[in-house]
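Chemist: Got a predicted structure plus its sequence, pasted below:
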Amino acid sequence: MSTRIRLTVFALLLALTACAARTEMKENQQKWAGQNVTHYKFELTIGCNCPWRSLMPLKIEVKDGQVMSMTDKAGRQTPTGYAETFDHAATVDGLFDILDSAIGSASKVTVEYDAKYGYPTFILIDNSIATDDEINYTVENFQAVK
């Protein structure tokens with residue numbers, strides 16, 4: 001098989017994989033929206049070769065799409081130096097946005113969803129641009145607040 005044909009087949013496989021991943025994401029996003037959870041708490045660990053590793057996990061409370069509180073592992077308000085990174089991932093909708101951006105553009109995206117609520121419990125994004133460029137997001141101890 002020629003190199004050109006192999007590249008075409010590879011590109012088609014990538015497109016099909018991205019399409020399936022996007023469909024799965026949309027289904028879980030709809031499941032999340034259907035739960036109508038407007039107030040929730042969770043722990044978020046952002047894993048990468050980054051300076052904030054020692055702050056993880058973050059304890060986050062969200063109400064009506066807004067972060068009400070975010071504290072680091074020691075119970076301190078999250079340092080503002082990392083606010084852009086943390087704020088982007090600090091809501092379930094933000095995690096879906098991260099996932100949506102990664103599907104089709106990253107070299108590898110691995111995701112797991114909560115069976116009941118549909119939110120992503122684990123996202124791994126690898127851009128394969130450099131060694132150690134992977135980033136992952138892990139959601140634990142999710143609690144819907146009544």
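Modeler: In hand now; what should we look at?
Chemist: give me the number of residues near N127?
Modeler: When neighbours are defined as other C-beta atoms under 10 Å, N127 has 14 of them. Yep, even glycine has a C-beta here, placed from its N, CA and C like the rest.
Chemist: and the gap between it and Y113?
Modeler: Distance, N127 to Y113, by C-beta to C-beta, to the nearest Å: 22 Å.
Chemist: Not counting the host helix or strand of T45 itself, show me its contacts.
Modeler: Assigned by DSSP states H and E, T45 belongs to strand 39-48. Residues outside strand 39-48 that contact it (C-beta atoms under 8 Å, 6 or more residues apart in numbering): 52-53, 56-64, 85-86, 89-90, 92, 132, 134-146.
Chemist: Now, of the residues you listed, which are buried?
Modeler: Among the contacts of strand 39-48, those buried by neighbour count (16 or more other C-beta atoms under 10 Å) are 52, 57-62, 86, 89-90, 92, 134-135, 137-139, 142.
Chemist: which ones among the residues you listed are found in strands?
Modeler: Taking DSSP state E, the ones among the buried ones among the contacts of strand 39-48 that sit in strands are L58, K59, I60, E61, V62, I135, Y137, T138, V139, F142.
Chemist: Please look at the first one and T71 and confirm they touch.
Modeler: I take that to be L58. Yes: L58 lies in contact with T71 (C-beta atoms under 8 Å); the separation is 6.9 Å.
Chemist: Let's check: the centremost residue of this structure is which one?
Modeler: For the chain, the residue nearest the mean C-alpha position is L95 (4.0 Å; C-alpha atoms, centre = their mean).
Chemist: Am I right that that one falls within a helix?
Modeler: Yes: checked against DSSP: H, G, I helix; E, B strand; the rest coil, L95 lies within a helix.
Chemist: what's around the closest residue to it other than its chain neighbours, how many residues?
Modeler: For L95, ignoring the flanking residues on the chain, the nearest one in space by C-beta to C-beta, 6 or more residues apart in numbering is P120 at 5.0 Å. Residues near P120, counting by other C-beta under 10 Å, number 21.
Chemist: And P120, how far from G94?
Modeler: Taking C-beta to C-beta, one finds P120 at 10 Å from G94.
Chemist: ok, the ones in strands among the buried ones among the contacts of strand 39-48 vs G34, which is closest?
Modeler: For these, the closest approach to G34 (C-beta to C-beta) belongs to F142, at 16.1 Å.
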